[in-house]
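J.: what's the 3D shape of this:
(chains A and B)
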Amino acid sequence: MNPDLFSQLNRVIHEKGRLAIMSALAAAPELTFTELRGLLDMTDGNLTTHIRTLQQEGFVSVTKSYQNNRPLTSCALTAAGRKAFAQYIDLLDQIVRQSKPQ
Amino acid sequence: MVLLASTNLVTAETSGCNSACKYYSARQSVLMETKWAVDNLQTIRTLMERSALYRRALAPIMILVGSLGIAAGLTGWLCRIESDRGFVCLWVFTALISIAGALLLMRQQALKEAEPFWSPPTRRVCQALLPAFFVGLVIASILASRPGPEGTGIQVVIVVLWLLFYGCAVHAAGFFMPRGIRWLGWLFIICGSALFIYANFVGRYWTNLWQPHLLMGGLFGGVHLVYGIYLYFTEQKTPTA
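T.: All right, here's what the predicted structure looks like:
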């Protein structure tokens, strides 16, 4: 087993809440703030903080618009975010495969 | 001498125990990390499945289904299809045409976006719709095929049942679609319940109070058409399954 695999895991994505946000966004082109909140059962403050962290890392883009005269905040993974998420999954996969008997 | 020998033995045993302990500790750590990684992958997979909502543009599908419903209602009324069997046959046929048209539109959208037609969200929506559709079809077929005089209000019973089953089906599918669809499901359930209450308590007992074809055309066709027009002006133009 390569002990470095764990240390290679992206620390920003590794946090439980942020990993959940990244996972949800990876399967959809974009999700509204309300959809994410309902899906992940997070509070507004918690979700905002995690999204801001991911946004600062360049993993998530946030778009503010209006729908039916109501403000609408949408989040989506950026290309860098998609790549980082794919690498994270790949590392997890490697950890699982390495421990399996040959 | 004996003491020295026993000390050496203890040291050797301790050393052996240490390496074994280290080995087992490392092994335990690997197993825990693997279990953690497997659990994490499972959580990620579940979240990805839950967030993959059905997002194809519904406006054209709703407008098509609504138009077909209104056309079928007018056809049944104008052509005086009054038998129970004729009523069920006309509306099952309309439903089949509507489903075929909707699938065709979905396929066109999938091809346009270069995405798979039978995507996991599409599959989940169909799985959610199917049980209520099946039960509605079976009950309506049994009610329409039973012997008895025509015009006993059985067609209104069928309309009520179809509204309720369809509402439940749409509501169930709404868990894999944008939130507004669940409201549409509730609207059908409320319409079905209101019709049931009116026919049972207010109007004459289960006689064909209104033209059942017009009821179907107005409640199914009309509601779909209005919702389709609403979606046409409000839906985001980025369809994805």
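
J.: Going by C-alpha atoms from here, please, whenever you check contacts or count neighbours.
T.: Noted.

J.: low-scoring stretches of chain A, by residue?
T.: A:1-3, A:99-102 (pLDDT under 70).

J.: Could you list the buried residues of the lengthiest helix in it?
T.: Here the longest helix in chain A is taken by residue count, with DSSP state H as the criterion, and it is helix A:79-99. Across helix A:79-99, burial judged by 16 or more other C-alpha atoms under 10 Å in any protein chain shown covers A:81-82, A:84-85, A:88-89, A:91-92, A:94-96, A:99.

J.: Next one: residue A:74 relative to chain B, how far apart?
T.: 12 Å (C-alpha to the nearest C-alpha, to the nearest Å).

J.: which residues does that residue contact?
T.: By C-alpha atoms under 8 Å, 6 or more residues apart in numbering or on different chains, the contact set of residue A:74 is A:30-33, A:62-64.

J.: what sits against the nearest residue to it once chain neighbours are set aside?
T.: The shortest distance from residue A:74 to any residue other than its chain neighbours is 4.1 Å, reached at residue A:32 (C-alpha to C-alpha, 6 or more residues apart in numbering or on different chains). Taking C-alpha under 8 Å, 6+ apart, we find residue A:32 in contact with A:72-75.

J.: Output those as CSV; include the columns secondary structure.
T.: Listed next are the contacts of residue A:32 as CSV, based on DSSP: H, G, I helix; E, B strand; the rest coil:
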residue, secondary structure
A:72, strand
A:73, strand
A:74, strand
A:75, strand
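
J.: The residue minimising distance to the centre of chain A is in what secondary structure piece?
T.: To find the centre residue of chain A, average its C-alpha atoms and take the closest one (C-alpha atoms, centre = their mean): that gives residue A:22, at 1.5 Å. Assigning secondary structure by DSSP states H and E places residue A:22 in helix A:16-26.

J.: Let me know whether that helix sits next to chain B.
T.: Yes - contact check for helix A:16-26 against chain B, using C-alpha under 8 Å from any C-alpha of the partner chain: residues in range are A:19-20, A:23-26.

J.: pretty sure residue B:193 contacts residue B:162?
T.: No - in terms of C-alpha atoms under 8 Å, residue B:193 does not count as a neighbour of residue B:162; the distance is 11.0 Å.

J.: Quick check: buried residues in whatever helix or strand residue B:76 lives in?
T.: With elements delineated by DSSP H and E, residue B:76 resides in helix B:59-78, which encompasses its position. Burial within helix B:59-78, assessed by neighbour count using 16+ other C-alpha under 10 Å, is assigned to B:59-77.

J.: now stretch B:108-119
T.: Applying a neighbour-count criterion of 16+ other C-alpha under 10 Å, one finds B:109-110, B:117 buried in stretch B:108-119.

J.: So what's the gap between that stretch and the chain middle?
T.: Relative to its chain's centre, stretch B:108-119 lies at 19 Å (C-alpha atoms, centre = their mean, to the nearest Å).

J.: Could you tell me the end-to-end distance of that stretch?
T.: End-to-end distance of stretch B:108-119 (C-alpha to C-alpha, to the nearest Å): 14 Å.

J.: do the same with stretch B:213-229
T.: Stretch B:213-229 has its terminal residues 22 Å apart, counting by C-alpha to C-alpha.

J.: List the contacts of the most centrally placed residue in chain B.
T.: When chain B is reduced to its mean C-alpha position, the closest residue under C-alpha atoms, centre = their mean turns out to be residue B:173, at 2.2 Å. Residue B:173 makes contacts with B:124-126, B:128-129, B:181-182, as judged by C-alpha under 8 Å, 6+ apart.

J.: What is the neighbour count of residue B:138?
T.: Per other C-alpha atoms under 10 Å in any protein chain shown, the neighbour tally for residue B:138 reads 11.

J.: Kindly state the pLDDT recorded for it?
T.: pLDDT recorded at residue B:138 is 93.

J.: now for the strand or helix carrying residue B:228, which elements pack on it?
T.: Residue B:228 is part of helix B:223-234, with elements assigned from DSSP H and E. Under the contact criterion of 3 or more C-alpha pairs under 8 Å, 6 or more residues apart in numbering or on different chains; DSSP states H and E, helix B:223-234 touches helix B:59-78.

J.: which is the next helix or strand following the helix it packs on?
T.: Downstream of helix B:59-78, the first helix or strand assigned by DSSP H and E is helix B:84-112.

J.: quick one: buried residues of that next one?
T.: Along helix B:84-112, the positions that meet the burial threshold by neighbour count (16+ other C-alpha under 10 Å) are B:84-85, B:87-91, B:94-95, B:98, B:101-102, B:105-107, B:109-110.

J.: Now do whichever helix or strand comes after that helix and helix B:84-112, the angle between them.
T.: Per DSSP H and E, the first helix or strand lying C-terminal to helix B:84-112 is helix B:120-145. Counting by axes from the mean of the first three to the mean of the last three C-alpha atoms, to 10 degrees, helix B:120-145 points 170 degrees away from the direction of helix B:84-112.
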